[in-house]
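In: Please find the sequence and the predicted model below.
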Amino acid sequence: MNALRRHRALERIWGPRPGWRGKLTTVNNNDIGLMFLALAVTYFVIGGILAMLIRAQLATPRSAFMGPDVYNQVFTMHGVIMMFLFAIPLFEGLTVYLLPKMLGTRDLAFPRLSAFGFWCYAFGGALLILALLAGIAPDGGWFMYPPLSSTLGSPGINADFWLLGITFVEISAISASAEIVVTVLLYRAPGMSLDRLPIFAWYMLVVAMMILTGFPPLILGSTLLELERAFGMPFFQADAGGDSILWQHLFWLFGHPEVYIIFLPAAGVISTVLPVMARTTLLGYGWIVAAAVSLGILSFGIWVHHMYATGIPHMGLAFFSAASTLVAVPTGVQVFAWIGTLWKGRPEMHLPMLWILAFFATFVMGGLTGVMVAVVPFDWQSHDTYFIVAHLHYVLVGGFVFPMLAGLYYWLPNFTGRRRYFKLGKTAFWLVVVGFHGTFLLLHWAGLLGMRRRIDHIEPGSGWELINLLASIGGFVMAIGFALVLIDVVVNAVVAVRGRRNPWQAGTLEWAMPAPSPSYNLASIPKVHSRNPLHDDPDLPVRIARGEGYLGDPGSGLREILTVEIASGRPNSLVIFPTNSALPIVMAFVTGGLFVGMLIKAYWLVPLSLVGVAALGIWWAWSLGSREDQDSRPVGHGLVLPPATEVERPPGWWGSLFLLLADGVFFGSLLFGYAFLWTVAPNWPPPAWLEPGLRGPLLALGGAVLALGGIRLADRALRRDGGPWLGLLLSLAGLSALGAAAVTVLTRTSHDAHAYDATLWVVAGYVVFHATVAGLMTVFLALRAAGGYLSARRVGEARVVRLWTDYAVAVALLGLGAAWLPGVPT
Ligand code: HEM
Ligand SMILES: [Cu+2]
């Protein structure tokens, strides 16, 4: 088969359906990645316009341009859009598009999940934009502190848009992250061991793990606040046993890691682009990986530095201040590795390199002011002034936007297959950089002079007028610069001047395919021997196109892809991917019903949507798998691999594992909240603890034994080719008992009397929910067994259900134990 016929055959297998329906049903990583990127850039433009409105308002004293109501919505939405709808999704889009290419594979691990994530993002974002246009957008600042955001401070619907819209968007971040982790671990070109991973993939792995562990506290916080607003469950109200500081803990448990979740992808771009621009290899690969991993871990320990002004005990202040300064160490390791790389090479001043230099200058300054505010007395002085606003923009714009622009100009030839013909880029660069420093360097000073953030006008005679005028002019210069970048990209993408395939002579695999890349990415999968496969063998792209790697024969007509062993990169199994489908968009739409139902207080819509999501989920899962054992199949080069449906731990098991990790962090945060209120909240404990009695604990213990034993019995029977019926029945009975045990808690407390009762309600509700999910999965497994989808070799699905059952049992015992224990002595 020649290269062109292979191309046509593969495109038919992997490509989207034609026309606009193709866009709605595609699950291909190239389409989804580009859609993510386009939407994120759109949000950047919207957020930027809001920033210009802010600067216009503050350019002159007592400006009547916007009233306080509108101003509050504008700065809140600016922060919200930039943090949640621009930065994270832009990184997701870049990863979804590039990661499979870099890893030498054909798509991400769960294509339908990526599509689902994208649509959740699109719908959730649309909700917020609608609110903005209707003038009912959130106005309590991007971190939404209660009581400003409680029904007391925000009686309208505004705050609900934040809580619901953002949670919806976060679902997409969590699903994308589970998928990124599994892709990096399992889906790579054979031979790509962990120490040969492209450095970008390492960063993506760390960031995805951070999202999985960092976002759940925020989702929990939003859930609790929304429950308080909708049903009067008083988690954050001091007079009913709650504590508004709990919100701050949950928010910053997310918020601080978020800073690194935004910075690390940018650092990944720099570690990828810098060596190529310097015509050398990256210095200290191992050190950089270690630094990224330790930054990921360290950043979770220091959320309290955002709360110095809330009356934290002195010991705590000292500890968190020291820990915050410690972060400078791994950051320093990275910066020195980059400087060393520059030193070692012969840097060429192309546009990506210019943006990297702008990043260096800006980010180092942002880092220095960061060390300043990590010092407690200084923070007390500068808290909530423009010094902080300036610091955070140095870090966010310098540490994220500039590196992403470096990446944009670096990968543009790869995205479009074109050469840059119009060269507006350099002018744009200078406008942005000069405008940026003109704005924010000055604003540090305004902050030191005492200008508070979030004020809607400045008074004449305050001494801040000139600074603000100059800062606003700088802001508009920067805006013109960004507009020029956009124009530059668009005209260069449209004007057809074909470029060379690998203009920078990079060594990583994303340059080994035609540009723009075909839907299947690689015509055949190469074997990898080093970190820079294209430097080992410059002919590799041609040989890949000729089908000389693995899976070069599209004869089966199926979407075939390889998995590898995690550490060694040895080929492990053959996976058949699902095809395009409307399921993800429909499911995202039905999920949206849940949020809209809460928003417009049409509560009947909520259970209805839940049932819909469950039904669609079952349909989704049902369409996978196979009804008969399959033989191992040749994949080329004499290699024969078993199908993934017949390995012990299929990709779906790994996916579940990481989703459960996020779920476990959510639950852990819930228990943290319970313990926190218990130890510090006023009016706590309430007069009476819940006494467990005998019925509840017996139900819980008996249920746990039955569920754990039953699912194992079923597993054993399956492996002997027997019927799993008895085991599944026992497990189902056990899960029902667990659910019933949790219901005894619900019936003995009233949800809105006191924060204590409200917390127990959430804990018990969580247990009921997970027992139900595991129960549904057990029923599903029984139906699959009856339908002939399981056998002694096809045990993967049973393993997945066992994982979820074990999790449900564990959280039931922990959660109910925590609820009952204080009542035991009474
Ligand atoms: C494009 C140039 C930008 C300009 C001129 C700008 C301007 C501003 C200004 C003046 C404020 C203060 C509002 C106030 O306190 O009343 C602000 C707040 C903020 N900005 Fe930006 N910004 C820009 C880009 C960004 C980017 C790229 C991000 C994040 C990735 C970002 C994130 C934030 C956040 C989180 C806040 C705090 C909002 C709040 O207090 O609730 N900004 N911005
Ligand atoms: Cu922080």
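Out: Here it is on my side, so go on. Ligands and ions are numbered 1, 2, ... in the order given.
In: Surely Thr571 touches Ile561?
Out: Slight slip there: residue 571 is Pro, not Thr. No. With contacts counted by C-beta atoms under 8 Å, Pro571 stays clear of Ile561, the gap being 11.1 Å. Any C-beta I mention is one placed from the backbone N, CA and C, and that applies to glycine too.
In: of those two, who's got more company?
Out: Ile561 (27 against 22; other C-beta atoms under 10 Å).
In: and the next element down the chain from the helix or strand where the more buried one lies?
Out: According to DSSP states H and E, Ile561 maps onto strand 559-564. Proceeding N to C from strand 559-564, the next assigned helix or strand is strand 571-577, under DSSP H and E.
In: Which elements pack onto that next one?
Out: When contacts are defined as 3 or more C-beta pairs under 8 Å, 6 or more residues apart in numbering; DSSP states H and E, strand 571-577 sits against strand 559-564, strand 633-636, strand 639-641.
In: Now do the buried residues in the second one.
Out: Which is strand 633-636. Applying a neighbour-count criterion of 16 or more other C-beta atoms under 10 Å, one finds Val635, Gly636 buried in strand 633-636.
In: Packing partners of it?
Out: Counting contacts by 3+ C-beta pairs under 8 Å, 6+ apart, strand 633-636 is packed against strand 571-577, strand 639-641.
In: Could you rerun that using 10 Å?
Out: Applying 3 or more C-beta pairs under 10 Å, 6 or more residues apart in numbering; DSSP states H and E, one finds that strand 633-636 contacts strand 559-564, strand 571-577, strand 639-641.
In: ok so, going back, overlap in contacts, Pro571 and Ile561.
Out: Residues within reach of Pro571 and of Ile561 at once, by C-beta atoms under 10 Å, 6 or more residues apart in numbering, are Ile525, Tyr550, Val635.
In: And the first one, how close does it get to Glu548?
Out: Which is Ile525. Here the criterion is C-beta to C-beta, to the nearest Å. By it, Ile525 lies 10 Å from Glu548.
In: same thing with Glu648?
Out: Going from Glu648 to Glu548 by C-beta to C-beta gives 32 Å.
In: Compare those two and say which is more crowded by neighbours.
Out: Glu548 (17 against 8).
In: what helix or strand is the residue most central in space within the chain on?
Out: Geometric centre of the chain, nearest residue: Ala173, 3.1 Å, by C-alpha atoms, centre = their mean. Element membership for Ala173, per DSSP H and E: helix 158-186.
In: and the strand holding Ile561, what does it pack onto?
Out: Packing partners of strand 559-564 (3+ C-beta pairs under 10 Å, 6+ apart): helix 3-14, helix 158-186, strand 571-577, strand 633-636, strand 639-641, helix 651-680.
In: closest to Arg106 out of the ones you listed?
Out: helix 3-14 (7.0 Å; C-beta to C-beta).
In: From Trp355, how far off is Thr362?
Out: For Thr362, the distance to Trp355 (C-beta to C-beta) stands at 10 Å.
In: actually Phe400, not the one I typed
Out: As judged by C-beta to C-beta, Phe400 and Trp355 stand 12 Å apart.
In: Now do the shared contacts for those two.
Out: Counting by C-beta under 10 Å, 6+ apart, the shared contacts of Phe400 and Trp355 are Val269.
In: and of the shared contacts of Pro571 and Ile561, the nearest to ligand 1?
Out: Of all the shared contacts of Pro571 and Ile561, ligand 1 sits closest to Ile525, with 36.6 Å by C-beta to the nearest ligand atom.
In: wait, the closest one sits on Pro571?
Out: Yes. Ile525 lies in contact with Pro571 (C-beta atoms under 10 Å); the separation is 9.1 Å.
In: can you list residues touching both of the two?
Out: Arg188, Ala189, Pro190, Tyr550, Leu562, Val635.
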